[in-house]
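**Q** okay, here's the prediction I keep looking at, along with the sequence it came from:
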Amino acid sequence: MNTILADMTNRIDPELMTLAGRIIRSGGLVAFPTETVYGLGGDALDPDASRRIYTAKGRPSDNPLIVHIADMGALEKIVSDIPSAARLLADAFWPGPLTMVLSKSPAVPLETTGGLNTVAVRMPSHPAALELIRKSGGYIAAPSANTSGRPSPTEAKHVQADLDGKIDMIIDGGPVGIGIESTIIDLTEDVPLVLRPGFISLEMLQSVLGEVRMDPGLHSEDPAFRPKAPGMKYRHYAPKASLTIVEGSEAAVRAKIEDLARQAEESGGLAGIIATDEDASVYAHGIVRSAGTRSDEITISQRLFGILREFDDLHVSVIYSEAFDTPQLGAAIMNRLIKAAGHQIIQV
Ligand code: AMP
Ligand code: MG
């Protein structure tokens, strides 16, 4: 299959957007930018389109897709009931990086929800995403546009690397703003539950709803505590080289990573180091990449997945990352990093 690359980095091209909408309406797949990461879109109400998404990504079919909408009117058709909590959260955070899990209506095929009777819904804020949804009939199922298991794509070239030749079109909207996937909140429980941390933090959700809890299965390695979002149980975001997080006081972390990178070099390997603007220059061994600055944490979430992909391309033999326990985004960034590291953490 020839994958069309539609350049919309400077402006939305109406003709190409109409073509993209036509592709989705006829069952095809279009990757597009959102404010979180690039999504791989297909018609959410067409079971064949959902099946094609799973095939293109190599995604396990029990891992449900998020349905993207462009206006509140669209919500009524795909959910059986809109609880007041959903309206409050939509008023506060939509369009934006928040996904809500609600009871699904019969309009949504089980192929889209991985067999569940709930559906995850989000209204993104990226103008190209909203325009594509409108041109496509109003309901786009879109997981992250990467091969299953690899880091989520934050630039069109990442989508190309994974899906070129497997999908109909890629809309290039330039690098994304947030860089990690949406917060997921489950509103079908008595107490709302965060299934995946993201840009919208637990505290922001609590300020609107009152009591909200984190899914206790989220970071557990105990199989008895399975995460409630089916996708969170899979190995994710994994770079090719083994990744270890080093956590502790800033000075001790730097000394430990420097030591580990030197050891890697002495045994003929090459370490990739994920640092920050504040200290990237202190490391004398390995390839150092700054994820951003601790004083502007979104710079870290924006760059994290891109750095993991770059280390794959550079064939480093091992990766060491500083921990990023920043105030608002720290929980989300560390959730992705811990998964990418397969829970390998050194405390110093
Ligand atoms: P991705 O599309 O790559 O951002 O992944 C979507 C995430 O949403 C996965 O972790 C899914 O398991 C989760 N998800 C989607 N729909 C539901 C649902 N109905 N209930 C719980 N989790 C869901
Ligand atoms: Mg994903």
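**A** Nice, I can see it. Ligands and ions are numbered 1, 2, ... in the order given.

**Q** and the end-to-end length of stretch 63-82?
**A** Start-to-end span of stretch 63-82 (Cα to Cα, to the nearest Å) is 23 Å.

**Q** tell me where the stretch 1-150 of the chain has helices.
**A** Ranges of helices within the stretch 1-150 of the chain are 14-25, 47-57, 75-78, 84-93, 127-135, based on DSSP state H, counting those that start in this stretch.

**Q** and the helix or strand hosting Arg254, what does it pack against?
**A** Per DSSP states H and E, Arg254 falls inside helix 250-266. Helix 250-266 is packed against strand 242-247, strand 271-275, strand 318-322, with contacts defined by 3 or more Cβ pairs under 8 Å, 6 or more residues apart in numbering; DSSP states H and E. C-beta: built from backbone N, CA, C; applies to glycine.

**Q** which elements pack onto the second one?
**A** Packed against strand 271-275 by the contact rule (3+ Cβ pairs under 8 Å, 6+ apart) you find helix 250-266, strand 287-290, helix 298-313, strand 318-322.

**Q** re the thing from before, ranking the helices of the stretch 1-150 of the chain by burial, who's on top?
**A** Per residue and on average, the most neighbours among the helices of the stretch 1-150 of the chain fall to helix 127-135, with a mean of 22 (mean count of other Cβ atoms under 10 Å).

**Q** give me the contact list for that helix.
**A** By Cβ atoms under 8 Å, 6 or more residues apart in numbering, the surrounding residues in contact with helix 127-135 are 8, 12, 17-18, 20-22, 24, 30, 32-35, 39, 41, 68-70, 95, 124, 139-140, 171, 173.

**Q** what parts of the stretch 51-200 of the chain come near ligand 1?
**A** 63-66, 101, 113, 116, 118-120, 143-144, 181, 184, 195-196 (Cβ under 6 Å from any ligand atom).

**Q** what comes up buried for stretch 317-328?
**A** Across stretch 317-328, burial judged by 16 or more other Cβ atoms under 10 Å covers 317-324, 326.

**Q** tabulate these (TSV), appending pLDDT and distance to ligand 1.
**A** Shown next, in TSV, are the buried residues of stretch 317-328 (pLDDT from 0 to 100; distance: Cβ to the nearest ligand atom, whole Å):
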residue	pLDDT	distance to ligand 1
Ser317	97	28
Val318	97	26
Ile319	98	22
Tyr320	98	26
Ser321	98	21
Glu322	97	25
Ala323	97	23
Phe324	95	20
Thr326	88	22
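
**Q** any chance of a markdown table for these, columns distance to Glu297?
**A** Listed next are the buried residues of stretch 317-328 as a markdown table, based on distance: Cβ to Cβ, whole Å:
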| residue | distance to Glu297 |
| --- | --- |
| Ser317 | 29 |
| Val318 | 26 |
| Ile319 | 20 |
| Tyr320 | 20 |
| Ser321 | 15 |
| Glu322 | 13 |
| Ala323 | 13 |
| Phe324 | 7 |
| Thr326 | 4 |
